[in-house]
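K.L.:
Here you go, sequence then predicted model.
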Amino acid sequence: MNRRDFLKASAQVGMGLGLSGLASAADPEPAPIFPAKKRKFYAWTGNDKKASDAKVKEKYRALKAHGLTGVMLGGGIDDREFAAVREAGLELHTWMWTTNRADQWIRDHHPDWYQVSRSGKSCFDQPPYVDYYRWISPVIPGVQDYLSERVDELAKHEAVTGVHLDYVRYPDVILPRALWEKYHLDQTDELADYDFCYSKHTRDAFKKVSGRDPLEIEHPDQDQEWLHFRYDSVTKLVKRLAKTAHGRGKVITAAVFPTPSQARKICRQDWDKWPLDGACPMIYHSFYNEPVSWIGDCVRENIHAASFPIYAGLYMPAFQNPSEFREGLKTVFHRGGAGVSLFGGVGDEYWKVFEEEIA
């Protein structure tokens, strides 16, 4: 199963739920309204090597015409695609997978970099959930160097506005609730097969600072020192990558889990502590069996927790009709979001709503 199918399946599980209205303006701690003229709007997208030059240019001109500020573009360096984005007048943020890497060079030279579960399964040959979950450990200095080099390669390109980090975390120790049935799991408690990382590298690093072996911790899900060691390992990596991007005069953003509190619990991601220029929390409400109004609740928590702009990540297949999409946009803006980033296909009626709401 590839990433798009994985996301599609999780959204479908959460469809058909009742929706509530927008959050009340009488919130006890209302978020400040982000100035409409300063909002920015993005879309996650990929390159299409089979498309003609004309089609590629047409794609980005259309996105600009709809009102987007820029794109989070996956696929690595592609001069044709980069030129088309720039010609259209869009910001170009190169979309990079971070600690989830199946790079052939790593597989050939450093299988020891891959994370190991508490049950002893390596992401090198026994990835959790789906085959593309090939996670490397942020604790390892060689991993930090390797990823910093990848950021530098992207950031030094003259067409690039910034680097956009994705999968910058540990594997999901707890999946979104809508996926439990799909994988025949009950993740009320953390399961050993999905709790990472217990590789020799990581265990030795933790022993050095704590004097303890994480494999000997009786309740690892409750051990604050072990939890924070993993939070901090990702944060230190992001600080290194941010320094690299900023050294090239480029911004750095990240796709993160819906809120900092959820991210810490689900994937050891303490993202409100990161030195980002903006974050795109993936507030995919259907993944969590939540109504559209939940998007605004997440935005509110995020802007109170973080010191950088919050661009709410919206999963387009989760909106059953244009009216729901309108509700999603309204609640983002009502709760103080700096903008949105869209993932998935956007139909003509949805673009019409988008244009009306950002006007």
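P.N.:
Cool, got the structure.
K.L.:
going forward, measure contacts between C-alpha atoms and count neighbours the same way
P.N.:
Fine.
K.L.:
Any idea what Val256 is bridged to?
P.N.:
Pro281 (DSSP bridges).
K.L.:
Next, the contact list for it, please.
P.N.:
Val256 sits next to Asp166, Tyr167, Val168, Ala263, Gln269, Trp271, Ala279, Cys280, Pro281, Met282 when contact means C-alpha atoms under 8 Å, 6 or more residues apart in numbering.
K.L.:
Quick check: which element contains the fourth one?
P.N.:
Yep, that's Ala263 we're talking about. helix 260-267 (DSSP states H and E).
K.L.:
quick one, helices of the protein?
P.N.:
3-13, 53-66, 79-88, 104-109, 141-155, 200-210, 224-247, 260-267, 293-305, 322-334, 348-358 (DSSP state H).
K.L.:
Tyr129 is nearest to which of those helices?
P.N.:
Comparing the helices of the chain by their distance to Tyr129 (C-alpha to C-alpha), the top pick is helix 3-13, with 9.7 Å.
K.L.:
rounded to a whole number, what's the mean pLDDT of the closest one?
P.N.:
The pLDDT scores in helix 3-13 average 43.
K.L.:
switch to numbering from 21
P.N.:
Right, with 21 as the first residue, what we last looked at is helix 23-33.
K.L.:
Stretch 76-87: which residues count as buried?
P.N.:
Val76, Lys77, Tyr80, Arg81, Leu83, Lys84, His86, Gly87 (16 or more other C-alpha atoms under 10 Å).
K.L.:
I figured the fourth one hits Ala108, correct?
P.N.:
Yes: with contacts defined as C-alpha atoms under 8 Å, Arg81 counts as touching Ala108 at a distance of 5.1 Å.
K.L.:
re earlier: now the helix holding Ala283 - C-alpha only, PDB.
P.N.:
The C-alpha coordinates for helix 280-287 follow below in PDB (Å, rounded to 0.1, in the frame of the first residue of the first chain):
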ATOM      1  CA  PRO A 280       1.500  19.200  20.100                       C
ATOM      2  CA  SER A 281      -0.200  17.200  22.800                       C
ATOM      3  CA  GLN A 282      -1.400  14.500  20.400                       C
ATOM      4  CA  ALA A 283       1.900  14.500  18.600                       C
ATOM      5  CA  ARG A 284       3.900  13.800  21.700                       C
ATOM      6  CA  LYS A 285       1.600  10.800  22.500                       C
ATOM      7  CA  ILE A 286       1.300   9.400  19.000                       C
ATOM      8  CA  CYS A 287       4.800   9.800  17.500                       C
END
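K.L.:
Specify the angle between that helix and helix 313-325 in degrees.
P.N.:
With axes from the mean of the first three to the mean of the last three C-alpha atoms, to 10 degrees as the basis, helix 280-287 and helix 313-325 are set at 100 degrees to each other.
K.L.:
from the middle of its chain, how far away would helix 280-287 be?
P.N.:
Distance of helix 280-287 from the chain centroid (C-alpha atoms, centre = their mean, to the nearest Å) equals 12 Å.
K.L.:
now stretch 253-273
P.N.:
Its chain's C-alpha centre and that of stretch 253-273 lie 15 Å apart, by C-alpha atoms, centre = their mean.
K.L.:
Can you point out the buried residues in that stretch?
P.N.:
Neighbour counts using 16+ other C-alpha under 10 Å place 253-258, 260-266, 268, 270-273 of stretch 253-273 among the buried residues.
K.L.:
can you check stretch 120-134 too?
P.N.:
Asn120, Arg121, Ala122, Ile126, Arg127, Asp132, Trp133, Tyr134.
K.L.:
now what about that stretch, what contacts it?
P.N.:
Applying C-alpha under 8 Å, 6+ apart, the external contacts of stretch 120-134 come out as 142-144, 152-157, 160, 163, 187-188, 219.
K.L.:
now swap in stretch 83-96 and tell me
P.N.:
Here stretch 83-96 makes contact (C-alpha under 8 Å, 6+ apart) with 60-67, 108-116, 174, 184, 371, 374-375, 378.
K.L.:
In this structure Pro147 contacts Tyr153, no?
P.N.:
Yes: counting by C-alpha under 8 Å, Pro147 touches Tyr153, with 5.4 Å between them.
K.L.:
ok, Trp200 - contacts?
P.N.:
Per C-alpha under 8 Å, 6+ apart, neighbours of Trp200: Asp206, Gln207.
K.L.:
Against Tyr308, how distant is it?
P.N.:
Per C-alpha to C-alpha, to the nearest Å, Trp200 is found 10 Å from Tyr308.
K.L.:
By neighbour count, which of the contacts of Val276 wins?
P.N.:
Counting neighbours by other C-alpha atoms under 10 Å, Gln289 leads the contacts of Val276 with 30 neighbours.
K.L.:
show me the contacts for that one.
P.N.:
Counted by C-alpha under 8 Å, 6+ apart, Gln289 has contacts Val188, Arg189, Tyr190, Tyr251, Val254, Thr255, Val276, Phe277, Pro280, Ala283.
K.L.:
how about a cut-off of 6 Å?
P.N.:
Arg189, Tyr251, Ala283 (C-alpha atoms under 6 Å, 6 or more residues apart in numbering).
K.L.:
Report pLDDT for the spatially closest residue to the first one that is not a sequence neighbour.
P.N.:
This means Arg189. Excluding its sequence neighbours, the residue lying closest to Arg189 (C-alpha to C-alpha, 6 or more residues apart in numbering) is Gln289, at 5.5 Å. At Gln289, the predicted lDDT confidence score is 98.
K.L.:
Can you say which two of the buried residues of stretch 120-134 are spatially most distant?
P.N.:
Greatest spatial distance among the buried residues of stretch 120-134 (C-alpha to C-alpha): Asn120 and Asp132, at 14.2 Å.
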